[in-house]
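K.L.:
Fold the following and give me the result.
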Amino acid sequence: MTQNIVSLNLTDAQLQAVDAALGELETQLGGLVALSVPQKRSLRKMGEKSEAFCRQAMLLLQQSPELVPANVVAARPVEDLAMLDKLRPRLLRLTRLAERGADTDIALGSDVMVAALQVYGQLKLTGAGEGLQALRRDLGTRFARSSKPEETKAA
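P.N.:
Purely as a prediction, here's the structure:
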C-alpha cells in the first residue's frame, strides 16, 4: 500500500523567510513568559466561567477607581485585560499554525514510515541473494523484541 498524505516542498529561500519571520515573532513577543509546572498549578486561573465576572470587576474598577484602595489592586489588571484581548487573536492564529505544523509532521513521518516498511518488506523477500543480509539485519533491529528481565523469567 502506498501512502502520500502530504507533499510539501519548501525552498531554501522559503525556509529562510520562515526563520526570519519566527525570529521577528520571538523579538516582538519577547515579553511573553514561561511558567514552570508548579507555578501554573498554583496560579488562580480566569476560565471561561470567570471571565464575565472579571470583566465586570474591571469595568467597575475603571469607572470607580476610588472604591478600591490602591494597595488592593497594585497590579494593572485593567491594562492586563486589554492586552489579553489584543493578544488572544494572535495566539489563536499561532496555535492553529502550530497544530497544522504538528499534523504535517505526523503526516510526513507516516508517509516515510509506510515507505520504509515497504522497502524493508521487499528487502526481506528479495534481498537474501543480493548481498544485503547485513543491511536487512540492521533494519530488522527496529522490530527486535527486548528480552524480559531476569525477575520475570524466574517468576
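
K.L.:
ok, L81 - how many residues close by?
P.N.:
Per other C-beta atoms under 10 Å, the neighbour tally for L81 reads 19. (Glycine included, C-beta is placed from N, CA and C.)

K.L.:
ok, and it, which helix or strand is that part of?
P.N.:
Under the assignment given by DSSP states H and E, the secondary-structure element containing L81 is helix 77-126.

K.L.:
V72 now?
P.N.:
Assignment of secondary structure by DSSP H and E places V72 within no helix or strand.

K.L.:
Report the separation between it and E51.
P.N.:
Computed as C-beta to C-beta, to the nearest Å, the V72 to E51 distance reads 21 Å.

K.L.:
And V37, by the same measure?
P.N.:
For V37, the distance to E51 equals 24 Å [C-beta to C-beta].

K.L.:
Now do the helix or strand following the helix holding L81 against helix 77-126, angle only.
P.N.:
Using DSSP H and E, the next helix or strand after helix 77-126 towards the C-terminus is helix 133-140. Between the direction of helix 133-140 and that of helix 77-126, the angle (axes from the mean of the first three to the mean of the last three C-alpha atoms, to 10 degrees) works out to 150 degrees.

K.L.:
okay, helix 133-140 in CSV with CA atoms only?
P.N.:
Only the C-alpha atoms of helix 133-140 are listed here, as CSV (Å, rounded to 0.1, in the frame of the first residue of the first chain):
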residue,chain,number,x,y,z
GLN,A,133,21.9,-9.6,4.7
ALA,A,134,23.8,-7.1,6.9
LEU,A,135,21.5,-4.3,5.9
ARG,A,136,18.5,-6.5,6.4
ARG,A,137,19.7,-7.4,9.9
ASP,A,138,20.4,-3.8,10.7
LEU,A,139,16.9,-2.7,9.6
GLY,A,140,15.4,-5.7,11.4
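
K.L.:
Thanks again, I'm all set now.
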